[in-house]
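Colleague: Please find the sequence and the predicted model below.
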Amino acid sequence: MKKSNIKSRFLLLFAVAATSMTAVSCSDYLTDDPADKFTNDNFWQSEDNVKTFSWLNYDTFYGYGNGTTIGLSFFYYHGSDYRVDDNLSAFTFYQMPITASTTNVYSWNEYYTLIRRCNLMLEKVPAVGMPQEKKNHYIGVAKFFRAYTYFRLVQKFGDVPYTDQFLAQGDAEVYAPAKPRAEIIDKVIAELEEAANLMLPADDKNVTVNKYTAYAALSNACLYEGTYRKYHLGQDGSAYLNKAKTASSAIMNNPAYKLNADWKSLYNSVELLGNTEVILAKRYLTNVLMHSLQNYTNTSTIQYGLTKWAADSYVTTNGLPIQQTGNSQFTGDETVAKTFANRDPRFAKTVNPANYGYKGKPFGTTALVSMSGYVFELYNNPATTGPDVTTGGRNYTDAPLFTLSEVYLNYAEACAELGTATNSDLDLSINKVRTRAGIAPLTTDGVTASAGGVQINDPRRTSALEQLSGVVNPLIWEVRRERQIEFMSWTTLRQADIYRWKKGDYLDTNKNPDVNLGARIGTPVGSQTVVDANGYVKIYPVSTRTFEPKHYLMNIPTNDIDLYKAQGVDLKQNPGW
């Protein structure tokens with residue numbers, strides 16, 4: 001099924017975005033003119049040119065990848081890889097880095113290139129001949145991208161250099177010292193608030209940013225900062241959490257946004273243009289911009305694998321954890337049928353519920369295999385068949401970037417963290433997500449959580465693993481679980497959640513052995529797959545991964561430290577590196 005009635009501007013949008021942002025050296029963003037076909041003297045003449053210039057920003061959203069790449073991350077987080085607890089890569093067991101790297105091609109340099117472009121846009125747009133509301137809109141667009149880019153820099157690196165001016169090579173502020181992360185975050189939040197006020201409510205439906213995209217980003221940034229301050233700094237983050245609630249409410253109160261009936265349709269739809277749940281999508285078009293994610297999950301390539309740690313997080317349909325004493329809906333995981341019986345329906349929509357596929361025992365006509373035995377099906381669409389699915393670089397299903405479901409869960413988490421959550425709050429947010437999924441809604445007294453009148457008591461919440469970094473109350477635990485399940489494919493979002501909660505121990509295979517286990521297959525067929533004493537796949541039988549406190553931040557690229565030092569500026573390395 002091909003997309004129809006595509007306007008030429010959408011063809012241009014992603015064609016330009018896919019080809020315009022390339023890797024640059026550490027100093028390119030300081031010395032080179034932006035990569036376009038015009039000069040600053042003749043380009044800024046019309047609204048169309050401003051719009052075209054703004055399109056260059058969208059490649060910062062990775063989506064499902066570009067061409068032959070697969071995008072298991074919806075935006076770059078820690079480089080182009082991912083280190084999470086939900087699934088393990090089929091390519092390599094990503095270890096936490098030990099020594100500082102010289103460059104971070106996919107983050108530091110790219111982000112500062114984008115910031116410089118936004119600064120130029122903010123300098124030039126006020127003088128362009130177009131209606132004032134359009135000027136305001138594109139000023140808001142530039143502020144949105146600049147603010148969200150600084151937000152991601154702070155997430156990754158902490159204190160970073162900051163400028164809100166378009167700088168030439170000789171400007172004194174080019175090599176300004178890094179500013180404290182807290183100061184930058186406050187600038188980010190203020191600028192996202194400005195962007196929301198400046199941008200129009202809708203522009204090209206949901207494939208370019210608008211007022212509500214800014215609110216979604218604001219919701220994310222405020223929730224991140226509120227919880228980061230609480231769990232990393234021991235500070236009161238309530239002001240940020242309240243801002244997260246306000247920003248979320250601006251979207252939740254807009255009747256134009258509604259959840260899809262089917263959760264899976266967010267991830268396998270050919271067309272997300274105008275989808276009522278999607279606040280911003282990355283659009284893929286045949287022969288213009290495509291990806292390889294469906295190809296990856298529909299061929300004999302060994303897939304990444306869902307972990308036991310993730311699989312055990314899916315509750316039964318009564319809303320209770322499988323580990324909870326007295327939960328009669330869960331009868332064990334000795335067989336595939338038992339594992340998936342009465343479970344949250346999202347489990348069987350994410351991975352194949354009828355067969356395990358592992359090295360030595362593939363299944364299906366294309367011999368599907370995963371590292372853990374759980375074979376992903378989330379991205380499959382029966383309407384997309386043939387070479388467009390099985391050929392690398394030919395997939396064209398759209399990718400969601402910001403969604404209403406994320407906003408709902410941001411709101412619920414902010415309420416839970418503030419200690420103010422009521423049943424009405426849950427019904428306005430998390431329970432809409434749970435009802436759509438097909439599991440029992442939650443009730444609360446502000447601290448505890450119940451489902452179907454039964455108080456939830458998950459023994460994992462108070463386990464030795466949780467005690468390493470602090471046990472949270474039952475309601476916060478269930479909201480976190482809901483985020484994990486609802487966004488099971490959003491690997492970078494999961495990584496950001498783990499880091500802001502200060503739960504990096506989840507990634508450590510010594511502290512959390514279940515993160516290196518997969519499905520319970522019993523005695524494997526053949527000798528290619530190894531299992532533990534209970535019959536669970538050992539994903540990497542001889543590998544372990546250690547998480548250290550320094551890994552909450554990436555190292556500042558040492559090449560850039562040297563570059564700044566040559567200019568007499570001490571760009572400090574992050575602790576532990």
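Modeller: Sure, I can see it.
Colleague: Can you tell me which helix or strand of the chain has the lowest average pLDDT?
Modeller: One helix or strand of the chain scores below all others by mean pLDDT, DSSP states H and E: helix 8-20, with a mean of 39.
Colleague: Got phi/psi on K361?
Modeller: The phi and psi torsions at K361 (degrees, to the nearest 10) take the values phi -150, psi 70.
Colleague: so what's it bridging to?
Modeller: Y358 (DSSP bridges).
Colleague: Just give me the neighbour total for it.
Modeller: K361 has 17 neighbours, counted by other Cβ atoms under 10 Å. Bear in mind the C-beta positions are built from the backbone N, C-alpha and C, glycine included.
Colleague: wait, it sits on P524?
Modeller: Yes. The pair formed by K361 and P524 meets the contact definition of Cβ atoms under 8 Å, at 7.0 Å.
Colleague: Please report how far L198 lies from V125.
Modeller: Distance, L198 to V125, using Cβ to Cβ, to the nearest Å: 11 Å.
Colleague: any residues in contact with both of those two?
Modeller: Overlap of the contact sets of L198 and V125 (by Cβ atoms under 8 Å, 6 or more residues apart in numbering) consists of I139.
Colleague: Which pLDDT value belongs to Y76?
Modeller: The predicted local confidence for Y76 comes out at a pLDDT of 36.
Colleague: Next: R83.
Modeller: 68.
Colleague: for T52, same thing?
Modeller: Confidence per residue is given as pLDDT, and for T52 that number is 94.
Colleague: Give the buried residues for whichever strand or helix holds it.
Modeller: Using DSSP states H and E, T52 sits within helix 47-55. Neighbour-count burial for helix 47-55, counted by 16 or more other Cβ atoms under 10 Å, picks out 47, 49-55.
Colleague: Next up, phi/psi of L517, please.
Modeller: Torsion angles at L517 (phi, psi; degrees, to the nearest 10) stand at phi -120, psi 160.
Colleague: burial measure for it, as a count.
Modeller: As a burial measure, L517 scores 25 neighbours (other Cβ under 10 Å).
Colleague: which residues touch it?
Modeller: When contacts are counted by Cβ under 8 Å, 6+ apart, L517 is found next to 307-309, 372, 532, 536-539.
Colleague: Save these as CSV, and put in secondary structure, pLDDT and distance to N342 too.
Modeller: Shown next, in CSV, are the contacts of L517 (DSSP: H, G, I helix; E, B strand; the rest coil; pLDDT from 0 to 100; distance: Cβ to Cβ, whole Å):
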residue, secondary structure, pLDDT, distance to N342
T307, coil, 95, 21
K308, helix, 97, 18
W309, helix, 96, 20
S372, coil, 96, 22
D532, coil, 98, 25
Y536, strand, 98, 21
V537, strand, 97, 23
K538, strand, 97, 27
I539, coil, 94, 26
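Colleague: Which of the residues you listed sits closest to W490?
Modeller: For those, the closest approach to W490 (Cβ to Cβ) belongs to T307, at 15.5 Å.
Colleague: quick revisit: neighbour-wise, which of the contacts of L517 leads?
Modeller: Across the contacts of L517, the neighbour count under other Cβ under 10 Å reaches its highest value at S372, namely 30 neighbours.
Colleague: Check the spacing between that one and E173 real quick.
Modeller: Relative to E173, S372 is positioned 50 Å away (Cβ to Cβ).
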